[in-house]
Structures are given as structure tokens and as C-alpha cells.
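Asker: Could you look at this predicted model? Sequence included:
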Amino acid sequence: MSNHLLGLVLVVIVCIALTERAAYAASDADIDQLTSYAVILGRATACGEDTENAARRVGAWVDRTFNGQERSHMMMILVLGMQHHAEQQAKGNSPDSCSSISRTLTKMVWP
């Protein structure tokens with residue numbers, strides 16, 4: 001999938017999730033946190049960092065935080081976001097260096 005198309009798909013999924021939010025329990029803070037996790041995990045993965053434990057904890061947090069169909073939407077946002085940010089990091093299109101990402105990953109408090 002092209003980078004442009006992946007970004008567009010991610011935006012559409014986020015818009016759908018936000019439009020349907022009225023029927024769900026997610027807060028703006030939860031969605032912001034989810035996108036932050038996707039950015040950090042994606043960039044760290046591209047830098048060769050071990051993200052398995054952090055990703056597992058984030059997945060468990062998604063299960064606890066979101067309900068029903070919302071959960072599957074948010075998991076898709078997480079996965080596509082991680083993929084997008086990993087690709088951007090690998091191509092040098094990220095504002096952060098791998099050493100900066102490594103420091104952030106180490107300091108991050110995971111759910």
C-alpha cells in the first residue's frame with residue numbers, strides 16, 4: 001500500500017471512529033493516548049527497538065479501555081498508525097532520530 005494511500009486510510013478510520021464516538025465510551029484523552037502509542041511504537045520498531053512488551057501492554061489497554069466495535073476500530077487505528085510511523089521513520093521522514101526515540105521508549109510509562 002502506498003504511503004499516501006495508507007495515510008488516507010488512517011485518516012478515514014480516525015474520522016469514522018470519531019464520528020461514531022457518541023455511541024461509545026472513548027474520551028478524547030483516550031484517543032490522543034492511542035495515537036501517541038502508535039507514533040512511539042511505530043518509530044521505535046523502525047529503529048530496531050524491542051517493542052514487544054510495550055505493544056502487548058498497549059493492546060491490553062485497548063481491550064480494557066474501548067468496548068465492542070469501538071475496540072476493533074481503535075485496534076485498527078493503532079496497527080495502521082504504527083505501520084505508518086514505522087515507514088516514515090525508515091524513510092527518514094520523522095522529526096526524531098533513533099537515539100531520541102530510544103530515550104523516549106525507555107522513559108515511557110506504558111499502561
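Answerer: In hand now; what should we look at? Numbering: from 1, shown residues only.
Asker: all helices for the protein, in order.
Answerer: 3-19, 28-46, 52-65, 68-90, 98-107 (DSSP state H).
Asker: tell me what the third one is packed against?
Answerer: For helix 52-65, the helices and strands in contact under the criterion 3 or more CB pairs under 8 Å, 6 or more residues apart in numbering; DSSP states H and E are helix 28-46, helix 68-90. No exception for glycine: its C-beta is placed from N, CA and C like everyone else's.
Asker: where in the protein is pLDDT low?
Answerer: 1-25 (pLDDT under 70).
Asker: what residue is smack in the middle of it?
Answerer: residue 38 (1.8 Å; CA atoms, centre = their mean).
Asker: Skipping adjacent residues, who's closest to that residue in space?
Answerer: residue 81 (2.9 Å; CB to CB, 6 or more residues apart in numbering).
Asker: Report the separation between that neighbour and residue 47.
Answerer: 16 Å (CB to CB, to the nearest Å).
Asker: Could you do residue 37 as well?
Answerer: 16 Å.
Asker: cool, residue 99 as well?
Answerer: 9 Å.
Asker: Residue 103 now?
Answerer: 11 Å.
Asker: More neighbours: these two, which one.
Answerer: residue 47 (20 against 12; other CB atoms under 10 Å).
Asker: The more buried one: what's its closest spatial neighbour, skipping adjacent residues?
Answerer: In space, residue 47 is closest to residue 98, 3.7 Å off (CB to CB, 6+ apart).
Asker: which residues touch the one you found?
Answerer: Counting by CB atoms under 8 Å, 6 or more residues apart in numbering, residue 98 touches 46, 47, 48, 49, 89.
Asker: Just the buried ones from those, in PyMOL syntax?
Answerer: Buried residues within the contacts of residue 98, by 16 or more other CB atoms under 10 Å, are selected in PyMOL with:
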select buried, resi 46+47+49+89
